[in-house]
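**Student:** got a predicted model here, sequence first, then my questions.
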Amino acid sequence: MPFSRANGIDIWYEVTGEGPALVFIHANPFDHDLWMYQSAHFSTWFKVVGVDIRGYGRSTKVTTAFSLKDMCDDVIGVMQDAGIARAICGGCSVGSGIAILLGLDHPDRFDALILVGGNSGASGRYQQRIEGYRNDLADYHVLHMRELVQPQFADSRLGRHLINQFAERQPRLLGEAIAKVFMAGNHTDTTARLPTMKVPTLVINGEFDHSLPAGRKTASLVPGAVHKILPGTGHACCLEDPAGFDGLVIDFLHTRGLMPAL
């Protein structure tokens with residue numbers, strides 16, 4: 001199991017496939033397997049790197065204050081340790097916030113951004129999330145995951161299985177570490193910088209995604225950004241409709257000349 005220690009803490013990552021690099025950064029409250037379908041699919045063409053952000057999975061559970069920039073440095077450290085000079089970066093929710101800041105601060109390292117949610121500012125829900133994870137990790141974790149997908153998906157056999165899969169990993173989690181991730185994500189607002197983005201950007205929102213207004217705003221401010229809405233899905237649309245999601249990504253990469261030939 002590879003760990004990057006370039007930024008002073010253990011950041012776990014998984015590499016699948018060969019080719020140009022595609023780095024995925026997951027959302028609260030999942031781990032790298034939020035992108036399980038994309039890792040399996042895109043590894044046909046890409047060297048896919050799935051990162052467990054600090055506080056999740058096998059990465060260090062940091063309970064002291066840190067910033068979104070620190071989380072960006074974690075990703076850059078993974079890229080350095082994996083021998084990746086340039087990559088396409090996909091991020092969901094807090095992962096999209098990390099991807100935005102990476103694109104703004106390191107435009108020479110990224111060929112494209114794929115933002116799921118795409119919020120560049122603070123969320124009005126974050127204090128509620130912090131209190132939930134501090135007070136009742138086990139029950140709140142499941143409640144939170146269910147809120148991020150369509151109710152029909154959450155109640156389906158597959159949806160219950162996937163949510164349970166992440167819930168079974170709760171012994172690896174600390175409520176305070178998750179709270180610190182929310183605090184870092186909501187104490188950085190990159191909205192004013194979006195018009196300076198130089199990296200080609202795709203924003204994807206589920207039809208019922210609570211971040212849809214924020215995604216629309218981000219796409220409107222990033223020069224040349226493409227905004228797509230995936231019908232019948234919520235915030236975690238890459239997990240709910242992987243075929244539809246992957247199709248949107250592949251179309252975007254083709255238009256930018258970034259989809260490799262086999």
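**Tutor:** Cool, the structure landed.

**Student:** in the stretch 1-150 of the chain, which spans are helices?
**Tutor:** Taking DSSP state H, counting those that start in this stretch as the criterion, the stretch 1-150 of the chain carries its helices at 36-42, 68-81, 94-105, 126-135, 137-147.

**Student:** could you list the low-pLDDT ranges of the stretch 101-250 of the chain?
**Tutor:** When residues are selected by pLDDT under 70, none of them lie in the stretch 101-250 of the chain.

**Student:** want to throw the helices of the stretch 1-150 of the chain into JSON lines with mean neighbour count?
**Tutor:** To be clear about C-beta, it is placed using only N, CA and C from the backbone, and glycine gets the same treatment. Below are these laid out as JSON lines (neighbours: other Cβ atoms under 10 Å):
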{"stretch": "helix 36-42", "mean neighbour count": "19"}
{"stretch": "helix 68-81", "mean neighbour count": "21"}
{"stretch": "helix 94-105", "mean neighbour count": "26"}
{"stretch": "helix 126-135", "mean neighbour count": "17"}
{"stretch": "helix 137-147", "mean neighbour count": "17"}
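
**Student:** out of those, nearest to Gly118?
**Tutor:** helix 94-105 (5.1 Å; Cβ to Cβ).

**Student:** now that closest one against helix 68-81, angle please.
**Tutor:** Per axes from the mean of the first three to the mean of the last three Cα atoms, to 10 degrees, the angle that helix 94-105 makes with helix 68-81 is 80 degrees.

**Student:** how far does helix 94-105 sit from the chain's center?
**Tutor:** Chain-centre distance of helix 94-105: 9 Å, with Cα atoms, centre = their mean, to the nearest Å.

**Student:** try stretch 184-204
**Tutor:** With Cα atoms, centre = their mean, you get 14 Å for stretch 184-204.

**Student:** do a quick rundown of the strands in the stretch 151-262 of the chain.
**Tutor:** Per DSSP state E, counting those that start in this stretch, the stretch 151-262 of the chain carries strands over the ranges 201-206, 226-230.
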